[in-house]
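Engineer: One predicted model, sequence on top.
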Amino acid sequence: MHLTTEQLPKNLRGTIWACLIAPRPIALISTLDTQGVPNIAPYNSYSGLANNPPLLGVSFSRRGDEEKTTLANIKETGVFVINLVPRFLADVMNTSAEGTDKEDDFKRLGLTRAEAGTISCPRIGESPAALECRLLNTVPLPPSRCEMVVAQIVGVTIRDEFYTPENGFDPLAADLLASVGAEEYLSLNGESLHLPKTW
Ligand SMILES: Cc1cc2nc3c(=O)[nH]c(=O)nc-3n(C[C@H](O)[C@H](O)[C@H](O)COP(=O)(O)O)c2cc1C
């Protein structure tokens, strides 16, 4: 079968890319607003862009006419944390996408607020590893309405049980969660999950 984007059935237009560009890693991104209120939300459009120094990009769609809180906070503070998501945080991850503003998301989600080593932005204590990021650039992505954040990873926290002298981090032992569709997920240990969209 071959279809141009215009020929895609209407019911598939929103979801097919999620299934074709898969599996994707999931991050819970923690940020602070200018008042110091923490925000946490899931993002799976992030990817490594360079390794020396390590750079990554994350793409943000819009919520109606507005920027998502995570993007607005990153622009205001210049920093954020990519918290890797293991299987046991799947439900918390899905709930966090609901996106309620002006509330301390560590409290709302029952997560532990931990200090990052290099930036003034909290990380999630339960996460097996956290990448501390400094904003380098924002890139509009026309003709879409999305915008990409390009950032440098300036520090990393790895929980001791997942640290390996050979590779530094063991994603299988951490049982990380991947997106394999709009509402489908797969843990690295092979469990598939269906989590209905909350946002
Ligand atoms: C697994 C998962 C991955 C997501 N990835 C993205 C993404 O890459 N880009 C995006 O704009 N929204 C993404 N979302 C939707 C946001 O998490 C959602 O819009 C959320 O309300 C944003 O919260 P915020 O405004 O606090 O940042 C994703 C949602 C889920 C459940």
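Structural biologist: All right, it came through fine. In this text the structure is predicted, and so the values were computed from the model without any measurement. Numbers count the residues shown, from 1 in each chain.

Engineer: can the helix ranked longest in the chain be found next to the ligand?
Structural biologist: Using DSSP state H, we find that the single longest helix of the chain is helix 69-77. Yes - counting by C-beta under 6 Å from any ligand atom, contacts between helix 69-77 and the ligand involve 69, 70. The C-beta positions use only the backbone N, C-alpha and C, and glycine is treated the same way.

Engineer: Name the next helix or strand following that helix along the chain.
Structural biologist: strand 79-84 (DSSP states H and E).

Engineer: Note down every partner strand of that next one and its orientation.
Structural biologist: As defined by DSSP bridges, the strand partners of strand 79-84 come to strand 27-32 (antiparallel), strand 129-140 (antiparallel).

Engineer: Get me the contact residues on this structure for the ligand.
Structural biologist: By the rule C-beta under 6 Å from any ligand atom, the part of the chain lying against the ligand is 26, 39, 41-45, 59-61, 68-70, 94, 97, 99, 179, 199.

Engineer: Helices of this protein, residue ranges please.
Structural biologist: Using DSSP H, helices in the chain cover 10-13, 16-20, 69-77, 90-96, 105-109, 171-174.

Engineer: Residue 35: which of those helices is closest?
Structural biologist: If you check each of the helices of the chain against residue 35 by C-beta to C-beta, helix 69-77 wins as the nearest, at 10.1 Å.

Engineer: In terms of secondary structure, what does the closest one contact?
Structural biologist: strand 27-32, strand 38-43, strand 79-84, strand 129-140, strand 147-158 (3 or more C-beta pairs under 8 Å, 6 or more residues apart in numbering; DSSP states H and E).

Engineer: relative to strand 79-84, how tilted is it?
Structural biologist: 140 degrees (axes from the mean of the first three to the mean of the last three C-alpha atoms, to 10 degrees).

Engineer: Helix 69-77: which residues count as buried?
Structural biologist: Within helix 69-77, the residues scored as buried using 16 or more other C-beta atoms under 10 Å are 69, 70, 71, 72, 73, 74, 77.

Engineer: cool, and stretch 2-19?
Structural biologist: 16, 18.

Engineer: And stretch 88-105, by the same measure?
Structural biologist: Neighbour-count burial for stretch 88-105 [16+ other C-beta under 10 Å]: 89, 90, 92, 93, 94, 95, 96, 99, 105.
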